[in-house]
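In: Generate coordinates for the sequence data below:
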Amino acid sequence: MTADVRDILDLEQTPTPEVTKETILGTNPEKQKKKLFQTTPKVSKRPEGMHREVYALLYTDSKDAPPLFQTDTAQGYKQLKAKLGMRKVRPWKWMPFTNPARSDGAVFHHWRRVADEGKEYPFAKFNKQVPVPNYTDSEYTQHLHSEWWTRAETDHLFDLCRRFDLRFSIIKDRWEVAKYPERSVEDLKERYYGVCGTLTKVRAGAGSSPDTKVFVFDADHERRRKEQLRRLYERTQEQVEEEQNLLNELRKIEARKKERDKKTQDLQKLITAADNQGDNRKQEKKFPKKKLQHQTRPRIDTNALELAGIKFPDLKSSGVTVRSQRMKLPSSVGLKKIKNIEQSLQELNIELNPMPTEDICLHFNELRSDMVLLYELKMALSNYEFDLQTLRHQYEAFNPGKTLTIPHSLFGESSSESDLSKQKSSGSEIIDVVGSPGAPSN
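Out: Numbering: from 1, shown residues only. Sure, this is the predicted structure:
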């Protein structure tokens, strides 16, 4: 404190000691030697009649004075204190300065270091100005003449652009309505950027600045944008609720469309799988029975049953396996399909667990896979019949007095279980969705 007072009053100061690591951290070798030879540390005794908390406020183990304000460190009063030496500060001086951003040459004063005297004002680097072009009388007469803007209005606009650095909201507020007709912000921007673009093209053609970019302002788009924002801001609560309801209905329509597309794809996959199974069985009938007996491991075509039916495991694991494991239904088959398989087997008087021979395993798995495929086809057919009925009711609701006639081929009147069994026994196709080649498309 005394050194600071002497420095302020320009009095002589005592020589300051050299600042070293030992003086800052307090690791003096002589003091460390003394600490080594001290066997019993000196412990201050609490006076009689003084409480422990009061004594802890007065003294600590290192005899440090208590801090003047509450500390937020975990060390409490035992934190280390830096012992910094006193050095002479750099002198400051009350000196005048001028701001280059001002054109009136006003002189101000502030405190500044003596070493920085004569340097430029440090905040002058932030004085960035937008370059507003100038035009001559010949350029205006030849290229910038407009029926909607006079020369006086254009000069006034460019003068305001230089004064307010292209802040068009301020330019619109400072526009002299008494002398010139009132202009909107879009009109001011359109005139300014139109003049700048024309000057850039003309001067670039003359070879003065070929790398300069030409800025174009679309005033009509800006007007439409602001009009849309104004309408959006002025909506009533009823209009907001109506828009929200329309958006919810749109989401529902899109969800129904996705679900309908997904069902169409699933049905197409089922039909493709059924066709592939029929082709594979026709190929198997062409081979003699002896060839089938020599096959060590008959396998179901996994490509045909990948998307429909049941995909049984291959049982390629090493070791001994039981043949009846091939007839075990995989875990991917749901409970509804399992119950449907059991009910169908009971109707056909077939055992649920037949003798697991080679042929029986192969044909029993194929039979159950066909049952699952038939069940999925029936579900898909019923879903599409429901969709057709829904579409017909919607058409009749929107067009009262009219009836939508749907061809019988799109309904499943002929797709009962007896018809399906007859078609399956005769080898004909169950449902013709893709159509046969050469047939006219409906």
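In: Tell me if residue 97 really is in a strand.
Out: Yes: judged by DSSP: H, G, I helix; E, B strand; the rest coil, residue 97 forms part of a strand.
In: how many neighbours does it have?
Out: 15 (other CB atoms under 10 Å). Bear in mind the C-beta positions are built from the backbone N, C-alpha and C, glycine included.
In: Quick check: pLDDT value at it.
Out: For residue 97, the model assigns a pLDDT of 91.
In: That one touches residue 106, doesn't it?
Out: No: the criterion here is CB atoms under 8 Å, and residue 97 misses it with residue 106 at 10.2 Å.
In: which secondary structure elements does the helix or strand harbouring residue 344 contact?
Out: Assigned by DSSP states H and E, residue 344 belongs to helix 335-347. If you count contacts as 3 or more CB pairs under 8 Å, 6 or more residues apart in numbering; DSSP states H and E, helix 335-347 packs onto helix 358-398.
In: so the helix it packs on versus helix 335-347, what angle?
Out: 120 degrees (axes from the mean of the first three to the mean of the last three CA atoms, to 10 degrees).
In: mean confidence score for helix 358-398?
Out: Here helix 358-398 scores 85 as its mean pLDDT.
In: Remind me what it packs against, helices and strands.
Out: helix 237-286, helix 335-347.
In: Touching the shortest one from outside, list them.
Out: Read it as helix 335-347. Residues external to helix 335-347 that are found in contact with it (CB atoms under 8 Å, 6 or more residues apart in numbering): 329, 351, 352, 368, 371, 372, 375.
In: and the helix holding residue 344, which residues are buried?
Out: 337, 340, 341, 344, 345 (16 or more other CB atoms under 10 Å).
In: Same list (these) but as CSV, adding pLDDT and distance to residue 52.
Out: What follows is the buried residues of helix 335-347, written out as CSV (pLDDT from 0 to 100; distance: CB to CB, whole Å):
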residue, pLDDT, distance to residue 52
337, 84, 81
340, 84, 85
341, 86, 85
344, 87, 90
345, 87, 90
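In: Which two among these are spaced furthest apart?
Out: 337 and 345 (12.6 Å; CB to CB).
In: isn't residue 266 right up against residue 381?
Out: No: taking contacts as CB under 8 Å, residue 266 lies outside contact range of residue 381: 11.9 Å.
In: Tell me which residues are up against stretch 152-163.
Out: The contact list for stretch 152-163 (CB under 8 Å, 6+ apart) reads 130, 132, 134, 140, 144, 146, 171, 174-176, 179-180, 188, 191-192, 195.
In: All the strands of this structure, residue numbers only.
Out: Counting by DSSP state E, one finds strands in the chain at the ranges 92-98, 107-113.
In: of the helices and strands packed on helix 358-398, which approaches residue 405 most closely?
Out: Nearest of the helices and strands packed on helix 358-398 (CB to CB): helix 237-286, 21.4 Å.
In: quick check: angle from that closest one to helix 358-398?
Out: Using the same axes, to 10 degrees: helix 237-286 against helix 358-398 is 150 degrees.
In: sorry, back to before: pull out the buried members of the contacts of stretch 152-163.
Out: The buried subset of the contacts of stretch 152-163 (16+ other CB under 10 Å) comprises 140, 144, 171, 175, 188, 191, 192, 195.
In: Distance of residue 149 relative to residue 191?
Out: 6 Å (CB to CB, to the nearest Å).
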